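Asks: The following comprises the amino acid sequence and a computationally predicted model.
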Amino acid sequence: MTTYIIKRLIQGVIVLLAVSFICFLIFRSSGDPAISMAGQYATFQEIEEVRKVFGLDKPFYIQYARFITNAIKGNFGNSFVNKVPVLPLILERLPATVELAVSAIFIAFVLGVGLGVLVSLKPYALRNRFIMAGSLVNISMPTFLTGILLIMLFGVYLNILPPFGRGETVIVGFWRTGFLTLSGVTHLILPAFTLGMYQLAVLLRLTRAGMREVLTEDYIKTAWSKGLSPMKVIFKHALRNALIPVVTMTGLQFGELIAFSFVTELIFQWPGSGNLLLTSIYEQDQPVIVTYIMLAALIILSINILVDILYAILNPKIRYD
Amino acid sequence: MTNDHHLLEVDHLKTYFYTFEGVAKAVDDVSLFMDEGETLGLVGESGCGKSVTAQSIIRLIPEPPGKIVQGTINFDNTNLLELDLKQLRKFRGNRISMIFQEPMTSLNPVFTIGNQISEMFMLHKKLNKKESWERAIEALKAVQIPAPEKRINEYPHQLSGGMRQRVMIAMALSCDPEILIADEPTTALDVTIQAQIIDLMMHLKEDFNAAIMLITHDLGVIAEIAQRVIVMYAGKVVEEGKTKDIFEEPKHPYTKGLLQSVPKLGERSRKERKKLEEIKGIVPSLYELTAGCSFFPRCPEALPICREHIPKLTTIGEFHKVSCWLYSDL
């Protein structure tokens, strides 16, 4: 197990290097950074000076090596627009995104698995056919449409949930949280559902398929023959087996939710890092974009490794050695 | 011959499966009984309804598509077919337990065997976790698993097929059931292990004083250990009797055929190498049974009447019954 984790960590480093190289290429090829930094009205001499000061006249590989060494130190340069270091800028916005993603995946997992089990027990009941049809609609519907529809229904017509913003927040240490105020929680509901809706449908269908397969297994017959209660048979013996692929999927999706929550953040004016990314793309603020991509890669990689470890805990046949 | 002292009495049981192809009469009017501590063999070809009969007893038939259409199953003055799930659960595993054919897939792969065995004690004996665990170790000891304290923490995939079947037996016998239904417990194992498992079951049967319903198509095993035998064909009982009677004086042409198709060790080298007898044809599809005796199309001794009418189970000796027109009148 330890060797396996070390192997995975080494792989992770290689992937991060590859990502960093691609990021660097993006950085290089999307316009001359010297011009961006010197400003729109700089003279030719001023631009050349900037180029020299920042080492942009050096060969490609030296620049890349510098980029990497700085990145390891956590220095991703300054934002072109805000003129402040990029990393703290993104990290300041990250808690909002993480809280949104955690809430979304929580809703998706609890409701998805719960409904999935329910549907699997009586797959042909009318109510369950409706649930399945609903999940299909959900999978097919783009996030922005889900978001707008939810805002219209709950924010405008029913007027029971705030349609945008993050509400009141409290700072705990370095973390700005919305979980601790009522306003923060009510503001979270709509965007979390919007973000989690698609995942909910995916997890529901996955759980249903897994449960239907597992329920026909011999060991389920054994469990019934032992005289166990339906709760024990379904939630202990069957669900534990059906959950193995579901947990993997949830983990993979969680990384994506954090990294790609910007559509939801835009719709709900959520002050998270996804929204920052969008603004930076409009303003061609490359350091922010590059750093964001690197950070997203790091998050997705770490979650993947965590999922692998969790997988081994859930499935005793996998021991990775 | 029916009296009130049988341990288990199945009467006119009919279990049908309703599928797209039609209704499969997997068990069609089967009656049988079991006495305390006896070993009853249930034999027949694949698909003749042995397993469905056994699973109907503790109602493990998946519904739908299956359904117990008719009949009573009396055990300890209770008709098991009338119980709701909560009452039924007090019988399952506790007083009537079951072992299945596939030891490879009958244990849950994600729980340790200790977890799966101790579950029985917590459920039926209301013991706490620690006591149950200790009892589970004892149970493993009883089925002669070496180093049970170590094995108990292992997962099913770490054990061999024979070991897993031992675990299944330990689990099935953990609550001293009165009846153990063994559904082809040795079919999936190799021959030497088969003998060990059968030996073990017989040995434990003495200790636990449980009645065993042994479902198999291995006539050798039946001859060895069963006191009575029931021969099934296409969802019906065709012959029933003491093991000695069935093996020495088989009456039904199907039983005779079954016995002739068993190779006898060494016979072919002593006598000329002649072909092993077989029962011609295949088991009829349960969807399209004929009006008369369902064995009629394959029967070497068929009479004209066999095509028209189903023969009744007729008593022809002490405990010996046969369902064949050769031995009964209209």
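Replies: Perfect, I can see it now. Quick caveat: nothing in here was measured; it's all calculated off a predicted structure.
Asks: Could you pull out the helices in the stretch 51-200 of chain A for me?
Replies: Using DSSP state H, counting those that start in this stretch, the helices found in the stretch 51-200 of chain A span residues A:60-72, A:86-121, A:126-140, A:143-150, A:182-214.
Asks: Let me fix that, I meant to ask about chain B.
Replies: Listed in chain order, the helices found in chain B under DSSP state H are B:50-57, B:85-91, B:103-106, B:113-124, B:129-142, B:148-151, B:161-173, B:191-208, B:219-225, B:243-248, B:253-260, B:267-270, B:304-308.
Asks: where among these is the average confidence lowest?
Replies: With a mean of 61, helix B:267-270 has the lowest mean pLDDT of the helices of chain B.
Asks: State the pLDDT value of residue A:237.
Replies: 90.
Asks: what do you get for residue A:210?
Replies: 93.
Asks: what's it in contact with, if anything?
Replies: A:116, A:241-246 (CB atoms under 8 Å, 6 or more residues apart in numbering or on different chains). All C-beta spots, glycine's among them, are computed from the backbone N, C-alpha and C.
Asks: Can you give me the neighbour number for residue 309?
Replies: Defaulting to chain A. Per other CB atoms under 10 Å in any protein chain shown, the neighbour tally for residue A:309 reads 14.
Asks: wait, chain B
Replies: So residue B:309, with other CB under 10 Å, has 12 neighbours.
Asks: name the helices or strands packed onto the helix or strand of chain A with the lowest mean pLDDT?
Replies: Lowest by mean pLDDT, DSSP states H and E among the helices and strands of chain A is helix A:33-38, with a mean of 73. Secondary-structure packing of helix A:33-38 (3 or more CB pairs under 8 Å, 6 or more residues apart in numbering or on different chains; DSSP states H and E): helix A:44-53.
Asks: CA atoms of the helix it packs on as PDB?
Replies: Provided in PDB are the C-alpha atoms of helix A:44-53 (Å, rounded to 0.1, in the frame of the first residue of the first chain):
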ATOM      1  CA  PHE A  44       9.500  50.300 -27.500                       C
ATOM      2  CA  GLN A  45      12.400  51.000 -25.100                       C
ATOM      3  CA  GLU A  46      10.200  50.500 -22.000                       C
ATOM      4  CA  ILE A  47       9.000  47.200 -23.400                       C
ATOM      5  CA  GLU A  48      12.600  46.000 -24.000                       C
ATOM      6  CA  GLU A  49      13.500  47.000 -20.500                       C
ATOM      7  CA  VAL A  50      10.600  45.000 -19.000                       C
ATOM      8  CA  ARG A  51      11.700  42.100 -21.200                       C
ATOM      9  CA  LYS A  52      15.200  42.300 -19.800                       C
ATOM     10  CA  VAL A  53      14.200  42.800 -16.200                       C
END
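Asks: Give me the contact list for the least confident helix or strand of chain A.
Replies: Outside of helix A:33-38, the residues that reach it under the criterion CB under 8 Å, 6+ apart are A:27, A:42, A:46-51, A:54, A:56, A:80, A:284, A:286.
Asks: Would you indicate which residues of that helix are buried?
Replies: By 16 or more other CB atoms under 10 Å in any protein chain shown, the buried positions in helix A:33-38 come out as A:33-34, A:36-38.
Asks: returning to that earlier point: how about the helices of the stretch 51-200 of chain A in a markdown table, adding distance to residue A:222?
Replies: Output for those, formatted as a markdown table (distance: least, CB to CB, whole Å):
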| stretch | distance to residue A:222 |
| --- | --- |
| helix A:60-72 | 54 |
| helix A:86-121 | 19 |
| helix A:126-140 | 26 |
| helix A:143-150 | 43 |
| helix A:182-214 | 13 |
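Asks: still on that earlier bit, restricting to the contacts of residue A:210, which residues neighbour chain B?
Replies: A:241, A:244 (CB under 8 Å from any CB of the partner chain).
Asks: quick one: which of the contacts of residue A:210 has the most company?
Replies: residue A:116 (27 neighbours).
Asks: Quick check: the gap between residue B:148 and residue B:117.
Replies: The spacing between residue B:148 and residue B:117, counted by CB to CB, to the nearest Å, is 10 Å.
Asks: Give me the common contacts of these two.
Replies: residue B:140.
Asks: Looking at these two, which is more packed in?
Replies: A count of neighbours by other CB under 10 Å puts residue B:117 above the other of residue B:148 and residue B:117, at 26 against 19.
Asks: Residue B:140 is in contact with that one, correct?
Replies: Yes: the criterion here is CB atoms under 8 Å, and residue B:117 meets it with residue B:140 at 7.3 Å.
Asks: Flag every residue of the stretch 101-250 of chain B that's near chain A.
Replies: Checking the stretch 101-250 of chain B against chain A by CB under 8 Å from any CB, the hits are B:102, B:105-112, B:119-120, B:123-124, B:155, B:157, B:168, B:171.
Asks: Mind listing the residues bridging to the residue positioned nearest the centre of chain B?
Replies: The C-alpha lying nearest the average C-alpha coordinate of chain B belongs to residue B:215 (CA atoms, centre = their mean; 2.7 Å). According to DSSP bridges, the partner residues bridging residue B:215 are residue B:42, residue B:183.
Asks: before we move on, the earlier item: mind picking the two most distant members of the buried residues of helix A:33-38?
Replies: Spanning the widest gap among the buried residues of helix A:33-38 are A:33 and A:38, at 9.4 Å by CB to CB.
Asks: Could you list the residues of the stretch 101-250 of chain A in contact with chain B?
Replies: Near chain B, when you scan the stretch 101-250 of chain A using CB under 8 Å from any CB, you find A:216-219, A:221-230, A:232, A:237, A:240-241, A:244.
Asks: Where helices are concerned, which of these count?
Replies: Of those, the ones assigned to helices by DSSP H are A:218-219, A:221-225, A:230, A:240-241, A:244.
Asks: about what we covered before: would you list the helices of chain B in TSV and tack on distance to residue A:97?
Replies: Below are the helices of chain B laid out as TSV (distance: least, CB to CB, whole Å):
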stretch	distance to residue A:97
helix B:50-57	53
helix B:85-91	47
helix B:103-106	44
helix B:113-124	40
helix B:129-142	42
helix B:148-151	48
helix B:161-173	48
helix B:191-208	58
helix B:219-225	66
helix B:243-248	74
helix B:253-260	71
helix B:267-270	78
helix B:304-308	79
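Asks: To residue A:299, which of the ones you listed lies closest?
Replies: Closest among the helices of chain B, using CB to CB: helix B:113-124, at 35.2 Å.
Asks: Which of the residues in that closest one are classified as buried?
Replies: B:113-121, B:123-124.
Asks: nearest to residue A:16, of the residues you listed?
Replies: residue B:115 (40.1 Å).
Asks: State the distance from the closest one to residue B:294.
Replies: Taken as CB to CB, the span from residue B:115 to residue B:294 is 45 Å.
Asks: And for whichever residue of the stretch 151-300 of chain B sits closest to chain A, nearest residue in space, chain neighbours not counted?
Replies: Nearest residue of the stretch 151-300 of chain B to chain A, counting by CB to the nearest CB: residue B:155, 4.2 Å away. Nearest residue to residue B:155, sequence neighbours excluded (CB to CB, 6 or more residues apart in numbering or on different chains): residue A:316, at 4.2 Å.
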